[in-house]
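*Asks:* build the 3D model from these lines:
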Amino acid sequence: MKKNVLGKTKIEISPLGIGLSEIGSELSINDDKKASELLNFSLDNGINFLDTASCYGVSEELIGRTVSHRRDEYYIASKAGHANGNLSGSDWSYETIKNSIDRSLKRLKIEYLDLIQLHSCDIDTLKNGECISAVQDAQKEGKTRFIGYSGDNDAAHWAVNSNIFSTLQTSFNLVEQRARTTGLLEKAKKNNMGIIIKRPIAGGSWNKASSKNSEQKIRNYDDPYLKRAMSMRGLGKIKNESQNGILTSMGYTIQNPNVDVMIIGTTNINHLKNNLDIIDKELPIDENIIIELNKRFELLDNDWYQRT
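*Replies:* Now for the predicted structure:
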């Protein structure tokens, strides 16, 4: 799998990363075997970017238990800010963030993070500066190599304009294009930030919105994505588009020239295998499909803001 350079970090990462929220929420602390299968398969097949967070249930513990012995084969990004678990203090306080980072290192069984990201705090919290000081101090102490911001909308624009962060993680997919239409991605790339995309396939909504897949279940969180997808599909078939909506979704996101890596979460190894096959064998999709998807979003965008 070819590698992309993650902006000013100079880290070379796979275009497909694995999001680890699902293993934290859907697996238990005793599901080492399933987590190990998923994570080691990822590393064995060229995925070298793992994205987690201190608030993702048992995610960090399972990563530490199953792949910490392969530390030189992957880059690990986590997130901090929320006072959860055994953390005292309030959300976004200096103490909470510093303690969260220390706890992440212990759970992950590593000496340093490659990237720590502030986890979706608002503009006022960013401007206050306490949370930023916390991650900057962690960087000075060698607990993280780089600092980034994970979030959307106005706060993401502030983070990019601040020139404080090395990376931006934000929502972008074929039914959530505000990061493109507002110039967020382009501006971040101009500032040489590494760009990490969360929710790159919108919960599979484009696939599920097709008539043959209309009975597939969708998570409550993804329901707005499904409604957007159905509205966009309602404008008619797209010439030369594959019947595989996941292929279209992945192609749309990763073929944006500003995107360095898209993170897709799953606990299903077959889904992971299918995603790897798409990356290795089926991309790119026709650029005219992307142009048409852009037109449809712009036509229908009625406060289709980025979802945090």
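*Asks:* dump the residue contacts of the residue lying closest to L108 once chain neighbours are set aside.
*Replies:* Spatially, and ignoring its direct neighbours in sequence, L108 is nearest to G64 (4.5 Å; C-beta to C-beta, 6 or more residues apart in numbering). C-betas here are computed from N, CA, C, even on glycine. By C-beta atoms under 8 Å, 6 or more residues apart in numbering, the contact set of G64 is 107-110.
*Asks:* mind checking how far stretch 86-94 is from the chain centre?
*Replies:* Centroid separation for stretch 86-94 versus its chain: 24 Å, with C-alpha atoms, centre = their mean, to the nearest Å.
*Asks:* an error on my part: the question was meant for stretch 109-118.
*Replies:* Taking mean C-alpha positions (C-alpha atoms, centre = their mean), stretch 109-118 and its chain are 16 Å apart.
*Asks:* also stretch 221-237?
*Replies:* 21 Å.
*Asks:* mind listing residues that contact it?
*Replies:* 173-176, 199, 202-206, 208-210, 218, 293, 296-297, 299-300, 304, 307.
*Asks:* just the ones of those residues in helices?
*Replies:* 205-206, 208, 293, 296-297, 299-300 (DSSP state H).
*Asks:* turn those residues into JSON lines, including pLDDT, distance to N191 and neighbour count.
*Replies:* Listed next are these as JSON lines, based on pLDDT from 0 to 100; distance: C-beta to C-beta, whole Å; neighbours: other C-beta atoms under 10 Å:
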{"residue": "S205", "pLDDT": "95", "distance to N191": "30", "neighbour count": "29"}
{"residue": "W206", "pLDDT": "96", "distance to N191": "30", "neighbour count": "30"}
{"residue": "K208", "pLDDT": "93", "distance to N191": "35", "neighbour count": "21"}
{"residue": "L293", "pLDDT": "98", "distance to N191": "26", "neighbour count": "23"}
{"residue": "R296", "pLDDT": "98", "distance to N191": "29", "neighbour count": "21"}
{"residue": "F297", "pLDDT": "98", "distance to N191": "24", "neighbour count": "21"}
{"residue": "L299", "pLDDT": "98", "distance to N191": "30", "neighbour count": "11"}
{"residue": "L300", "pLDDT": "98", "distance to N191": "30", "neighbour count": "14"}
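*Asks:* for A155, state which of those is nearest.
*Replies:* F297 (21.6 Å; C-beta to C-beta).
*Asks:* now do the helices in the protein.
*Replies:* Using DSSP H, helices in the chain cover 21-26, 32-44, 59-67, 94-108, 123-128, 130-140, 153-162, 178-181, 184-190, 205-208, 223-233, 245-254, 269-277, 287-300.
*Asks:* reformat the ones you listed as CSV; add distance to S78.
*Replies:* Putting those into CSV (distance: least, C-beta to C-beta, whole Å) gives the following:
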stretch, distance to S78
helix 21-26, 11
helix 32-44, 15
helix 59-67, 7
helix 94-108, 5
helix 123-128, 18
helix 130-140, 11
helix 153-162, 17
helix 178-181, 22
helix 184-190, 20
helix 205-208, 27
helix 223-233, 25
helix 245-254, 22
helix 269-277, 20
helix 287-300, 31
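*Asks:* need the winner for burial among the ones you listed.
*Replies:* helix 205-208 (a mean of 25; mean count of other C-beta atoms under 10 Å).
*Asks:* so what secondary structure elements neighbour that one?
*Replies:* If you count contacts as 3 or more C-beta pairs under 8 Å, 6 or more residues apart in numbering; DSSP states H and E, helix 205-208 packs onto helix 223-233, helix 245-254.
*Asks:* between these, which one is nearest to I13?
*Replies:* That would be, of those and by C-beta to C-beta, helix 245-254, which comes in at 12.2 Å.
*Asks:* what helices or strands is that closest one leaning on?
*Replies:* helix 205-208, strand 261-265, helix 269-277, helix 287-300.
*Asks:* surely L39 is in contact with I63?
*Replies:* Yes: using C-beta atoms under 8 Å, L39 is in contact with I63, at 6.7 Å.
*Asks:* any residues in contact with both of the two?
*Replies:* By C-beta under 8 Å, 6+ apart, the residues touching both L39 and I63 are L50.
*Asks:* for L247, which residues are in contact?
*Replies:* Counted by C-beta under 8 Å, 6+ apart, L247 has contacts 278, 282-283, 285.
*Asks:* closest to K98 out of the contacts of G64?
*Replies:* Closest to K98, out of all of the contacts of G64 and judged by C-beta to C-beta, is R107, at 15.2 Å.
*Asks:* for the closest one, which non-adjacent residue is spatially closest?
*Replies:* E60 (3.7 Å).
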